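Q: sharing a sequence plus its predicted fold:
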Amino acid sequence: MQAPDMQPVPLEQSHPILAPTVPEARIEALDVVRGFALLGIFLMNIEFFNRSTSGIGEGMPVGLTGMDWFASWFISYFVQGKFWTIFSLLFGMGFAVMLTRAERAGRPFLGPYLRRILALAVFGASHYIFLWAGDILFSYAVAAGALLILLYGQWKPIVIAIALLVGIGMATGVEPLFGIAGSLSFVGLVSLYMRDEKRIMVRGYRVPRMSVILFVFGVVAAIAATVLWCLANSPTDPRVPVSLAAVVLLTMSVLSAKFKDPVNLRAVRLGATIYFTQAVIMILFGAVQYLTPPEADTPTLPANAAGVATAAEKKSETKPGEKPEPTAAEKQAEKAKRLAKRLEERRNEVRILSSGHYGEAVEMRARRFPEKLAGDAGFATVLVAMFLLGSWFVRSGIMENTAAHLPLFRKLAFYGLPLGIGLGLLGSTVAMSHTPGAEHDGFQMARGLTVLGNLPACLGYVGMVVLMLHSRSVFANIRVLAPVGRMALSNYLLQSVICSIVFFGYGLGYWGMGRAHQVVFVAVVFAAQIVMSHWWLSRYRFGPIEWVWRAFTYRTTPAMRREPTLPTTAIAA
């Protein structure tokens, strides 16, 4: 199958020789937005150079006061979650720019892009292990691979890969392999929406094949949910998840059938649907947790009596060779055990980063890297959605000629920002922090509302930056961020180098800097990066890491230094 036709539009004329984009052929708006996003990323990341990365996703730290509280609140609801989505959107735009230019020039795309992904994975893995556990570059590499599978993968290799992952997981007991297989299955299914044109006749209607598959899965889930709710002795834990799965699958079946065409809108519709569906599921699960009262404590019995009663019950109700279902007390004990292990790992991480030596930190991050790989496989489903949205912005011509689409960017800014930030603030009325182990504090629902609002807020920020760029006021000076965006990879890694040296115990040891002071630190460092980026790009064509990335991608050595500009008198002579 071929990649879907997203109606590519002419960009700048590309040279037929395979080579990196020269600075003069860049789209300024992308660089400015990328520089703006890098500031938000820095504001978000610096907190977790002073706090355990296992606390990502747990909201504001408890106990903050004064300016520290205000700084944390502002970043939590006006920055966090909005800027990695902008970066993801930009990554999809970069993919589309590279693809479109390759098409216009009639040169290969997949080979160079695979090398681009491989280099990014190496950068990301090195960043994670040797500098900081909050890396997102490796996540982008995994998601970029998933995007290529979605657009170009063949169904037979996908099915074989899924079977191998499941088989190896069952044989070895390595549970993360099942998660990777699930993510690959998801990518395979959504590729049908993008690329499969076959339809099935259903009562006189030609229905897309993927819609029929979703409907069948939805019906099966609905039947399973009915059985779980109706049978008295059925497991209670799966009831709500299976019921929600049935609703989501049946809804997606109808929507995918109704909105599959036109072809040029598939990427934006699929991306938005994937993102919003996951956010809505998070909200629904969170609402169920919040509104369901905690289970009553198990009556206290003498240890021996409780043990004998439990064993007798299990023996009478369990068939030979069948594993008995855990009791409520056993489930609570297992949860408590997992929570204690998690908290111990967090305490160890804080000890190593605040007062340990560099070798300990590298060993800890290297040991956790396989967990990151498994987590990134699931995170890739969200990132792919953002990549598809970003690719549509370029392939539709919007980002190439932003001046012609200012009404759209105005709507994104004026509607997206209030809606997106407002949803997060609405969630903050329920909960602003989460205590590990507390399942009924409402934070899951509150976080779901924030995640739901991150996409419109992200698009609103993009719209705001483009409007500033095209204004005739002082706001147009935002283009000063363009050089920062042009060497965003170098600047992103430099931020981690600086923060590691300043905050970790094996550096200067300023671990635990207050949130308000962190904002001041970001302002000073980022201002220096603006100056440095202007200085560097006045002398060189690429950032240092960007030069390595492009050299590996295109298997060539692009010129690094800028050619000196001859004075006018010399030209006249």
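A: Done, it's in.

Q: so what's the residue count around residue 175?
A: Using other C-beta atoms under 10 Å, residue 175 has 9 neighbouring residues. For glycine as for every other residue, the C-beta is placed from the backbone atoms N, C-alpha and C.

Q: how about residue 470?
A: 14.

Q: mind checking how far the spatially most central residue of the chain is from residue 147?
A: Centroid check for the chain by C-alpha atoms, centre = their mean gives residue 383 as the closest residue, at 4.4 Å. As judged by C-beta to C-beta, to the nearest Å, residue 383 and residue 147 stand 8 Å apart.

Q: for the residue nearest to the centre of the chain, what are its contacts?
A: Residue 383 is in contact with 88, 91, 139-140, 143, 146, counting by C-beta atoms under 8 Å, 6 or more residues apart in numbering.

Q: ok, and the most crowded of those residues?
A: residue 143 (28 neighbours).

Q: list the residue ranges of this protein that fall below the pLDDT cut-off.
A: 1-26, 294-325, 328, 564-573 (pLDDT under 70).

Q: pull the longest helix from it.
A: helix 358-395 (DSSP state H).

Q: residues of the helix or strand where residue 90 lies that come out buried?
A: In this structure, residue 90 sits in helix 83-105 according to DSSP states H and E. Residues of helix 83-105 classed as buried: 83-102, 104-105 (neighbour count, 16 or more other C-beta atoms under 10 Å).

Q: packing partners for it?
A: helix 28-45, helix 110-130, helix 137-152, helix 358-395, helix 443-469 (3 or more C-beta pairs under 8 Å, 6 or more residues apart in numbering; DSSP states H and E).

Q: switch the cut-off to 6 Å
A: Contact analysis of helix 83-105 by 3 or more C-beta pairs under 6 Å, 6 or more residues apart in numbering; DSSP states H and E lists helix 28-45, helix 358-395, helix 443-469 as its packing neighbours.

Q: and of those, who's closest to residue 293?
A: helix 443-469 (15.1 Å; C-beta to C-beta).

Q: pull out the buried positions in that closest one.
A: In helix 443-469, counting by 16+ other C-beta under 10 Å, buried: 443-469.

Q: which residues are contacting the helix holding residue 90?
A: Residues from elsewhere that reach helix 83-105, judged by C-beta atoms under 6 Å, 6 or more residues apart in numbering: 8, 11, 14, 16, 30, 34, 37, 40-41, 109, 140, 383, 386-387, 389-391, 393-395, 399, 454, 458.

Q: now that helix and helix 358-395, what's the angle there?
A: Counting by axes from the mean of the first three to the mean of the last three C-alpha atoms, to 10 degrees, helix 83-105 lies at 60 degrees to helix 358-395.

Q: how far off helix 110-130 does helix 83-105 point, in degrees?
A: 160 degrees.

Q: centre of the chain to stretch 340-349, how far?
A: Offset of stretch 340-349 from its chain centre (C-alpha atoms, centre = their mean, to the nearest Å): 25 Å.

Q: need the residues that contact it.
A: With C-beta under 6 Å, 6+ apart, stretch 340-349 has contacts from 52, 54.

Q: pull the CA atoms of that stretch into CSV?
A: The C-alpha trace of stretch 340-349 is given here as CSV (Å, rounded to 0.1, in the frame of the first residue of the first chain):
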residue,chain,number,x,y,z
ALA,A,340,6.1,0.9,48.6
LYS,A,341,8.5,-0.2,45.9
ARG,A,342,7.8,2.9,43.9
LEU,A,343,8.3,5.2,46.8
GLU,A,344,11.6,3.5,47.6
GLU,A,345,12.8,3.9,44.1
ARG,A,346,11.9,7.6,44.2
ARG,A,347,13.8,8.1,47.5
ASN,A,348,16.8,6.3,45.9
GLU,A,349,16.6,8.6,42.8
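
Q: which secondary structure state does residue 545 sit in?
A: helix (DSSP: H, G, I helix; E, B strand; the rest coil).

Q: err, residue 207, not the other one
A: Residue 207 - assigned by three-state DSSP - is strand.

Q: now for it, how many residues are close by?
A: Neighbours of residue 207 (other C-beta under 10 Å): 17.

Q: that one touches residue 257, doesn't it?
A: Yes. Contact criterion C-beta atoms under 6 Å: residue 207 and residue 257 qualify, at 5.3 Å.

Q: and the nearest residue to residue 416 once chain neighbours are set aside, how far is that from residue 376?
A: Distances taken as C-beta to C-beta, 6 or more residues apart in numbering place residue 460 nearest to residue 416, at 3.0 Å, with adjacent residues excluded. According to C-beta to C-beta, residue 460 stands 27 Å off from residue 376.

Q: can you lay out the contacts of residue 383 as JSON lines showing distance to residue 435?
A: Listed next are those as JSON lines, based on distance: C-beta to C-beta, whole Å:
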{"residue": "88", "distance to residue 435": "29"}
{"residue": "91", "distance to residue 435": "34"}
{"residue": "139", "distance to residue 435": "26"}
{"residue": "140", "distance to residue 435": "31"}
{"residue": "143", "distance to residue 435": "31"}
{"residue": "146", "distance to residue 435": "33"}
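
Q: which among the residues you listed gets closest to residue 538?
A: The closest of the contacts of residue 383 to residue 538 turns out to be residue 91 (C-beta to C-beta; 26.7 Å).

Q: can I assume residue 511 sits in a strand?
A: No. Assessed with three-state DSSP, residue 511 is coil; it does not lie in a strand.

Q: for stretch 195-205, the distance to its chain's centre please.
A: 33 Å.

Q: give me the buried positions along it.
A: 195-196, 199.

Q: cool, and stretch 417-436?
A: Within stretch 417-436, the residues scored as buried using 16+ other C-beta under 10 Å are 417, 419-421, 423-425, 427-428, 430-434.
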